[in-house]
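>>> no sequence on this one, just coordinates:
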């Protein structure tokens, strides 16, 4: 992260240094978690969404079609995994559509922008302005915290945690990250 002082000098901090400043506690260097997706062994079954929107399977032969499905994210070694992918995709599209509707054509900016956040200690979904969030997905930005409260009410804490934040899936969760840095 780059920080510009009042005198014009620029300071570049690593994430480790930034976390030390935030918490006041020295942080130890940790290995980066792996985000590698599972792939079926050659000849094993995997599931994907076909061109008609149905769930089907193939046996992974590492050919062009199998590689295309894997590289595009349209690939799961379980039927439940591809069903979740469909549910997550539809949920996130509905969320984006609702945000656009509630924003009423007004674009979120750094001055007025808000986003959904997940409390590190409470594990509750909340709405914060951009100044309180280090990273945000601008596709999901809205123009007031009232909109965030309405989204949480309409979409629900549990579904937002599951589909928007990925909590409870075989991905790195906020709890995993917190546990990772506790030691």
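Nice, I can see it. From a predicted model like this one, the values you see are computed outputs, not experimental measurements.

>>> which helices and strands sit right next to the host helix or strand of residue 153?
Counting by DSSP states H and E, the element that carries residue 153 is helix 145-155. The helices and strands touching helix 145-155, judged by 3 or more Cβ pairs under 8 Å, 6 or more residues apart in numbering; DSSP states H and E, are helix 79-103, strand 114-118, strand 125-129. Yep, even glycine has a C-beta here, placed from its N, CA and C like the rest.

>>> quick check: mean pLDDT across the helix or strand following it?
Going down the chain from helix 145-155, the next helix or strand is helix 157-159, by DSSP H and E. The average pLDDT within helix 157-159 is 92.

>>> what sits up against helix 157-159?
With contacts defined as Cβ atoms under 8 Å, 6 or more residues apart in numbering, helix 157-159 is touched by 91, 124, 125.

>>> turn the residues you listed into CSV, columns for pLDDT and distance to residue 109.
Listed next are these as CSV, based on pLDDT from 0 to 100; distance: Cβ to Cβ, whole Å:
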residue, pLDDT, distance to residue 109
91, 94, 26
124, 84, 26
125, 86, 23
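
>>> JSON lines for those residues, including distance to residue 140 and neighbour count?
Converted to JSON lines, the contacts of helix 157-159 look like this (distance: Cβ to Cβ, whole Å; neighbours: other Cβ atoms under 10 Å):
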{"residue": "91", "distance to residue 140": "12", "neighbour count": "16"}
{"residue": "124", "distance to residue 140": "17", "neighbour count": "12"}
{"residue": "125", "distance to residue 140": "12", "neighbour count": "22"}
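
>>> just these now: which is nearest residue 141?
Within the contacts of helix 157-159, proximity to residue 141 (Cβ to Cβ) peaks at residue 125, which comes in at 15.3 Å.

>>> give me every residue that touches the closest one.
116, 117, 118, 119, 152, 157, 160, 161, 164, 165.

>>> tell me how many other residues crowd the closest residue to it other than its chain neighbours.
Leaving aside its sequence neighbours, residue 125 sits nearest to residue 160 (Cβ to Cβ, 6 or more residues apart in numbering; 4.7 Å). For residue 160, the count of nearby residues is 20 (other Cβ atoms under 10 Å).

>>> wait, residue 160 touches residue 154, no?
No - contact criterion Cβ atoms under 8 Å: residue 160 and residue 154 do not qualify, at 9.9 Å.

>>> cool, thanks, talk later.
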